[in-house]
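1. output the structure for:
(2 chains)
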2 protein chains.
Amino acid sequence: MGRWEPDARGRLAEAALELYSERGYEQTTVAEIAGRAGLTERTFFRHYADKREVLFSGSAELRESFVRAVADAPESAAPMDALAAGLDAMSEMFAGRREFARERQAVITANAELKERELIKLASIAASLTDALRGRGVAEPGASLLAEVGVAVFKVGFERWIAAGEKRQLAQVMRESLTELKAMTGGG
Amino acid sequence: MGRWEPDARGRLAEAALELYSERGYEQTTVAEIAGRAGLTERTFFRHYADKREVLFSGSAELRESFVRAVADAPESAAPMDALAAGLDAMSEMFAGRREFARERQAVITANAELKERELIKLASIAASLTDALRGRGVAEPGASLLAEVGVAVFKVGFERWIAAGEKRQLAQVMRESLTELKAMTGGG
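-> Purely as a prediction, here's the structure:
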């Protein structure tokens, strides 16, 4: 199985993102990614199924941290507060990763196939979140609606967080988005 | 150009949906759709670019009716009320089409490629809606968030409307979803 490579996974991800940014996602090969990271193709395939997975390998973990925090919120918490706990938990996963997230987003925005994959990822988070809210006893259509709202706040908050010059932490940006949303929807 | 075919477009859409339901979307050819409708392939291609377009030909019109109603709401209307006007306008487009919508949704749910296309359609509606809300003077992140909420209410309301046994009109189902959402988000 070859010698042990310290943080091969992380080095491959960084090399991939560099290459996708420099020459485009379509134009980059796995051989080039491995080469840039100073590793073999074989090592690449021990960590990722293909070059797309480098960009989406964190999706499942992201969904699980969101869902678990919603499910584990105190029984007395209102659905919106459970949702806020989920957004906080997700935010923590991005600590120190703003630059990586920024570059990743630029690569995704430039490629139709990757944009579709990103939409599927978000839809999958919404579906899991709906289940978690139902598990808390939130009735339909409330559970589905609130899950979609949660994903919307994540999506819009995330875009703001990676905007040029933005200095606030992700959790703060998301809480502000949530407050903004409450003000707009609660007024009527 | 051949003889004039009364409502060839509608007949082709019905024939396509029947076939997609009976034998699956993948397994159906344009020749079979045209044959079932008693028309030629040439006539099919005068109306639709391919067999997928039969399922999505109304997307642009749907988006425009939603966006136009939001943009045309009275200047004094709160953003949420403009959004509600948009949902009402969209609902009108589905009057008398519940059975068609039900069958269409079953075909889409059964096919990964079509599900992706549906997600792209919804994302495109959200983007146009964001522009319309900004045009009304709604600042960011409010415009983006509210646009996502509008699409969520549409999506969830639509799913309820086509559920087995559901008798209420789409506009009513959506208004109830909106009210439910306000109650959940406004409380915090």
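2. in the helix or strand of chain A with the lowest mean pLDDT, which residues are buried?
-> Ranking every helix and strand in chain A by mean pLDDT, DSSP states H and E puts helix A:170-186 at the bottom, with a mean of 90. Of the residues in helix A:170-186, those with enough neighbours to count as buried (16 or more other CB atoms under 10 Å in any protein chain shown) are A:170-171, A:173-175, A:177-178, A:180-182, A:184-186. (Glycine included, C-beta is placed from N, CA and C.)
3. and those residues, which is closest to chain B?
-> Using CB to the nearest CB, A:Gly186 comes nearest to chain B of those, at 2.5 Å.
4. you'd agree that closest one is up against B:Lys182?
-> Yes. With contact defined as CB atoms under 8 Å, A:Gly186 and B:Lys182 form a contacting pair (6.3 Å).
5. does stretch A:89-100 come close to chain B?
-> No. On the criterion CB under 8 Å from any CB of the partner chain, stretch A:89-100 is out of touch with chain B, staying 15.4 Å away.
6. what about that stretch, how long is it end to end?
-> According to CA to CA, to the nearest Å, stretch A:89-100 extends 19 Å from its N-terminal end residue to its C-terminal end residue.
7. which parts of that stretch are buried?
-> In terms of neighbour count (16+ other CB under 10 Å), stretch A:89-100 has its buried residues at A:89-91, A:94.
8. which residues sit against that stretch?
-> The contact list for stretch A:89-100, computed with CB atoms under 8 Å, 6 or more residues apart in numbering or on different chains, reads A:13-14, A:17, A:58, A:61-62, A:65-66, A:68-69, A:101, A:154, A:161-162, A:169-171, A:174.
9. what's the average pLDDT for that stretch?
-> Mean pLDDT, stretch A:89-100: 92.
10. mind checking how far that stretch is from the chain centre?
-> 9 Å (CA atoms, centre = their mean, to the nearest Å).
11. ok, now stretch A:41-57?
-> Centre-to-centre, stretch A:41-57 and its host chain are 17 Å apart (CA atoms, centre = their mean).
12. do that stretch and chain B meet at all?
-> No. Counting by CB under 8 Å from any CB, chain B is not contacted by stretch A:41-57; separation bottoms out at 14.1 Å.
13. mind listing what's buried along that stretch?
-> Neighbour-count burial for stretch A:41-57 [16+ other CB under 10 Å]: A:43-44, A:47-48, A:51, A:54-56.
14. please enumerate the helices of chain A.
-> Listed in chain order, the helices of chain A (DSSP state H) span A:8-23, A:30-37, A:41-47, A:53-56, A:59-72, A:79-93, A:98-109, A:112-135, A:142-161, A:170-186.
15. chain B contacts on chain A?
-> Counting by CB under 8 Å from any CB, chain A comes close to chain B at A:78-81, A:116, A:119-120, A:123, A:140-142, A:144-146, A:148-149, A:151-153, A:155-157, A:159-160, A:176-177, A:180-182, A:184-188.
16. before we move on, the earlier item: dump the buried residues of stretch A:41-57 into TSV; add distance to A:Val107 and pLDDT as well.
-> Below are the buried residues of stretch A:41-57 laid out as TSV (distance: CB to CB, whole Å; pLDDT from 0 to 100):
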residue	distance to A:Val107	pLDDT
A:Thr43	22	95
A:Phe44	17	97
A:His47	18	95
A:Tyr48	15	96
A:Lys51	11	96
A:Val54	10	95
A:Leu55	7	95
A:Phe56	11	94
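17. any chance of those residues in TSV, with distance to B:Ser128 too?
-> Formatted as TSV, the buried residues of stretch A:41-57 follow (distance: CB to CB, whole Å):
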residue	distance to B:Ser128
A:Thr43	45
A:Phe44	40
A:His47	40
A:Tyr48	36
A:Lys51	32
A:Val54	32
A:Leu55	27
A:Phe56	27
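18. got the domain boundaries for chain A?
-> Taking automatic domain parsing as the domain assignment, the record places the domains of chain A at A:8-54, A:58-186.
19. what bits of chain A have low per-residue confidence?
-> By pLDDT under 70, the weakly predicted segments of chain A are A:1-5, A:187-188.
20. ok, now with 50
-> Within chain A, the stretches with pLDDT under 50 are A:1-2, A:188.
21. what's around the closest residue in space to A:Tyr25 that isn't next to it in sequence, how many residues?
-> The spatially closest residue to A:Tyr25, leaving aside those adjacent along the chain, is A:Asn111, at 5.1 Å (CB to CB, 6 or more residues apart in numbering or on different chains). Counted with other CB atoms under 10 Å in any protein chain shown, the neighbours of A:Asn111 add up to 17.
22. same question for the one 3 residues further on.
-> Other residues within reach of A:Leu114, judged by other CB under 10 Å, total 19.
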